[in-house]
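Q: Predicted model, plus sequence, below.
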Amino acid sequence: MITVIGTGTGAPVPPEAVAGAELVVGGRRHLDAVRLPEGAERVVLGPLAPALDIVEEYVGKDRPVLVLASGDPGFFGIVRALAERFGADRLDVRAGVSSVAAAFARVGLPWDDAMVVSAHGRELRTAVHVCRAHPKVAVLTGPGAGPAELGAALRDAVGTPPGEPADGSTEGSAHDFANGSGARVLVVASALGSARERVERVTPAEAAARDWGPDVSVVLCLDETRAPGGVRTVAGAPAGPAGWALDEREFAHRDSMITKFEVRALALARLGPRLGDLVWDVGAGSGSVAVECARLGAAAIAVEKTADGVERIAANARAHGVYVDVVCDMAPDALATLPDPDAVFVGGGGAELPAVVAACAQRARRTVVVAMAALDRVPAAREALTGAGFSCDGVLLQSSRLAPLPGDVTRLAATNPVFLLWGTRIPVSDEGVAQ
């Protein structure tokens, strides 16, 4: 039998759980906090595979094993690896209070509506994008993915009111971020449950400027104007929207300068926005694509060159209750300082379109979708995608909508045709990305 004890957030390890163990496995601080049985072998967890091999030797001889873990070992913890290797029926799991639960308790907030994302041993970008897109997130930290790195990634991402430069100056900037969002605060929880426990509220910029040491296990990223949340039936990620490809009347826009819902429907299908993704909406206009991607859970950045367009996008984001960062500048120059996107939508046109598509294709991890009204732009856009190593496909979309006529009759009113191209990055290997 393998006994797994969750500890480290204040709950002591029961002495009877330790007695009789012939092998004790755990992190160094967990092992140092427990009086081990005389003669028991002690294994300090580093790489997991060698430790599991030793556990297997003991299990094969029916010798008792004790595994000490942090908090709730079934929550982003070692229980998954043990169950996969040895079977759940061989485990006696005694969960402690998870660091996430303890951190939210320290700040007096419920967390059934919180997103929880692990950056421990994983790419930090997924956690950053979830924090960009949602008001209440807990990030489980790890080496190279702690409060400083998270703060550095978020300090210019959220919280700047429309029209206010991201650096706090009074001068205009080529990369102003205008949001329909509230500023984030990071709650950094260190050494929870110990005499050294610290829970500190800092801005992302303050977090980025500090050396936090090894004791941080979780960081809460909160929009405190929305952090209490409403009553939930299902924990975790909110239910997705009941519909998408919203009618143009759902967005403020200028002179019908908006991606029509028929085009948006296919564009969204090809973009595939999801939780943990970052999507660019370049030449955003009303920001309808960025807003729809945010409604589907992705982080979204809209790039728009006009000041009134920036304000319009921010207003649309607020109206739909989502976060969209807006860069007021012209592509492709505006793209250089942005974080790499998973998917990109390029709208609008102009002579610079091939350069914009090429710049987006160089950075996109998965796909680029381009909408064009002008036939002359299609070959150059297609060449930009294929030249960047993307497979390319496309369609001409033209729809007719029902429109009333006098006498209580109906006609079909044709919309302008739009070319939609999409490029998909051709994988160089079949290795998956674990989120």
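A: That came through fine.

Q: In the chain, what helix or strand scores lowest on average pLDDT?
A: strand 177-179 (a mean of 40; mean pLDDT, DSSP states H and E).

Q: which residues of the stretch 301-435 of the chain fall in strands?
A: Secondary structure of the stretch 301-435 of the chain (DSSP state E, counting those that start in this stretch): strands at 325-328, 343-346, 367-372, 390-397, 400-405, 409-414, 418-425.

Q: Show me what the second one is packed up against.
A: Applying 3 or more CB pairs under 8 Å, 6 or more residues apart in numbering; DSSP states H and E, one finds that strand 343-346 makes contact with helix 261-271, strand 278-282, helix 288-295, helix 353-363, strand 367-372. Glycine gets a C-beta too; all of them are placed from N, C-alpha and C.

Q: what are the pairing partners of the second one, and which direction each?
A: Looking back up the chat, that one is strand 278-282. strand 299-304 (parallel), strand 343-346 (parallel) (DSSP bridges).

Q: before we move on, the earlier item: would CSV of the strands of the stretch 301-435 of the chain with distance to residue 109 be doable?
A: CSV is the format used below for these (distance: least, CB to CB, whole Å):
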stretch, distance to residue 109
strand 325-328, 25
strand 343-346, 32
strand 367-372, 37
strand 390-397, 43
strand 400-405, 46
strand 409-414, 51
strand 418-425, 39
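
Q: Which among these is found nearest to residue 248?
A: Taking CB to CB, strand 400-405 is the member of the strands of the stretch 301-435 of the chain nearest to residue 248, at 10.9 Å.

Q: what packs against the closest one?
A: Helices and strands touching strand 400-405, by 3+ CB pairs under 8 Å, 6+ apart, are strand 409-414.

Q: now the strand it packs on, how far from the centre of its chain.
A: Averaging C-alpha positions (CA atoms, centre = their mean, to the nearest Å) puts strand 409-414 43 Å from its chain's average.

Q: who's in contact with it?
A: With contact meaning CB atoms under 8 Å, 6 or more residues apart in numbering, strand 409-414 is reached by 398-405.

Q: Quick one: the helices and strands packed on strand 343-346 as JSON lines, columns for mean neighbour count and distance to residue 189 too.
A: Formatted as JSON lines, the helices and strands packed on strand 343-346 follow (neighbours: other CB atoms under 10 Å; distance: least, CB to CB, whole Å):
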{"stretch": "helix 261-271", "mean neighbour count": "20", "distance to residue 189": "35"}
{"stretch": "strand 278-282", "mean neighbour count": "30", "distance to residue 189": "26"}
{"stretch": "helix 288-295", "mean neighbour count": "29", "distance to residue 189": "28"}
{"stretch": "helix 353-363", "mean neighbour count": "22", "distance to residue 189": "34"}
{"stretch": "strand 367-372", "mean neighbour count": "26", "distance to residue 189": "37"}
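
Q: Out of these, which gets nearest to residue 379?
A: When the helices and strands packed on strand 343-346 are compared (using CB to CB), the closest one is helix 353-363, at 9.3 Å.

Q: what's the angle between that closest one and strand 299-304?
A: Interaxial angle, helix 353-363 versus strand 299-304 (axes from the mean of the first three to the mean of the last three CA atoms, to 10 degrees): 160 degrees.

Q: elements contacting helix 353-363?
A: By 3+ CB pairs under 8 Å, 6+ apart, helix 353-363 packs against strand 278-282, strand 343-346, strand 367-372, helix 378-387.

Q: ok, and what's touching it?
A: 280, 282-283, 331-332, 335, 338, 340-341, 344, 346, 368, 370, 372, 377, 380-381, 383-385, 387-390, 423.

Q: Equivalent analysis for stretch 302-312, please.
A: Contacts for stretch 302-312 (CB under 8 Å, 6+ apart): 162-163, 176, 178, 252-254, 280-287, 290, 313, 324-331, 334-335, 338.

Q: which among those end up buried?
A: Buried members of the contacts of stretch 302-312, counted by 16 or more other CB atoms under 10 Å: 162, 176, 178, 253, 280-287, 290, 313, 324-331, 334-335, 338.

Q: Now the element after the least confident helix or strand of the chain, going C-ward?
A: Using DSSP states H and E, the helix or strand that directly follows strand 177-179 along the chain is strand 184-190.

Q: Listing partners with orientation, what would you give for that next one?
A: Sheet partners by DSSP bridges: for strand 184-190, these are strand 198-202 (antiparallel), strand 216-223 (antiparallel).
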